[in-house]
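> model this:
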Amino acid sequence: MAIVIIRQDHKIELWKKALLKADSSLEVYSFLEEHPKDEITMAITWKHPSGSLSGYPNLKCIASAGAGVDYLFEDATRPNDIPITRIVDPFLASDMSEHVLAVILAHLKNLNAYKAKQIANVWEPMEYLRIKDVTIGILGLGELGALTGTDLTTYRFKVQGWSRSTKNIDNVATFSGPDSLSKFLESTDVLVCLLPLTPATEGILNKKLLSQLPKNAFVINVARGGHMVDEDLLELIDNGHLSGACLDVYHTEPLPTSHPFWNHQKIHMTPHYASVSDTNSVIPQLVENYKRLQSGEELQNKVDMNKGY
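Model prediction:
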């Protein structure tokens, strides 16, 4: 039994060393080196090249190195009979919560607008908003959404959330199911998207949905680029319905330099780095599942193959 790491960034050796530090008895390979494919039982992957998961006849688990698994479902060559696991990382959730808080406060206090005026040598005070003036709406109440909502309430924000199924979160008003979505949207001043990307949620941030937000609402997308219909966001900002947006995720990453988001004064961007998996936190989860695989025990954090998350 052995592990193969499949990813397209520069972190393969980092993950390989971390796995061996946790358990020196492991056999761990990079997919880029010569390795015995018939011995591989677990593939640890993050945004792998299409087709790279095939050719492992004894593969028993595909382990995503992050919380997201949408990229795996997009690979038509992935062996469909192999269970998928995902990372549940407390640092991932807390980092996301901190990022969202920073973006909201920057929006309320016009920090991005002031930076643009500074560059243009313009001295112009602007009216600001207070925490008590806005309702934050969290679209998606999984681990990340629930913690983000809870953390925001500690700063006295009024927070509400929407999810597909019923959730109960202290001090957060919750809505569930398609019938309650409009009511949730019409009272949301800052919309934070933290939904998983599935066929049901792809393109959900479209003109129909965003138009139901109050005038001058602000949109934060820290989930996946596939949730957003870019043209609809631009239209609703340019016609004045939305006051702006902050985006961390995009359809194509890195975002092409020709994309209109780059030079739009009311769209603020970060390079898909709002929250990243902490190697020291997630390695024990991966090692534990590998041991469970060896002993035939139930895997932790298995993905529901029907739901896609």
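> got the domain boundaries for the protein?
Split into domains by automatic domain parsing, the chain comes to 2-89+281-295, 90-269.
> can you redo those as TSV with mean neighbour count?
C-beta coordinates here come from the backbone N, C-alpha and C atoms, glycine included. Shown next, in TSV, are the domains of the chain (neighbours: other C-beta atoms under 10 Å):
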stretch	mean neighbour count
domain 2-89+281-295	17
domain 90-269	17
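> I'd like to know which of the ones you listed is closest to Asn306.
When the domains of the chain are ranked by proximity to Asn306, the top entry is domain 90-269, at 9.9 Å, counting by C-beta to C-beta.
> TSV please, covering the domains of the chain and showing distance to Gly308 and mean pLDDT.
Below are those laid out as TSV (distance: least, C-beta to C-beta, whole Å; pLDDT from 0 to 100):
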stretch	distance to Gly308	mean pLDDT
domain 2-89+281-295	5	96
domain 90-269	4	97
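> out of the ones you listed, nearest to Ser275?
domain 90-269 (3.9 Å).
> In the stretch 151-300 of the chain, what residue spans correspond to helices?
181-186, 207-210, 230-238, 279-295 (DSSP state H, counting those that start in this stretch).
> typed the wrong thing, it's the stretch 1-150 of the chain
12-22, 70-73, 90-108, 111-119, 143-153.
> tell me the contacts of Gly145?
Residues near Gly145 by C-beta atoms under 8 Å, 6 or more residues apart in numbering: 138-139, 161, 163, 192, 194-195.
> Apply 10 Å and report the result again.
93, 96-97, 100, 138-139, 161-163, 167, 169, 172, 192-196, 222-223 (C-beta atoms under 10 Å, 6 or more residues apart in numbering).
> same question, Asp70
47, 64, 196-199, 201-202, 223-224, 226, 308-309.
> ditto for Val28
Residues near Val28 by C-beta under 10 Å, 6+ apart: 2-5, 12, 15-20, 35, 42, 44, 290.
> Between these, which sits nearest Glu253?
Ile12 (18.8 Å).
> got the contact list for that closest one?
By C-beta under 10 Å, 6+ apart, the neighbours of Ile12 are 4-6, 28-33, 44, 46.
> on that earlier part again, so which of the helices of the stretch 1-150 of the chain gets nearest Lys132?
helix 90-108 (10.5 Å).
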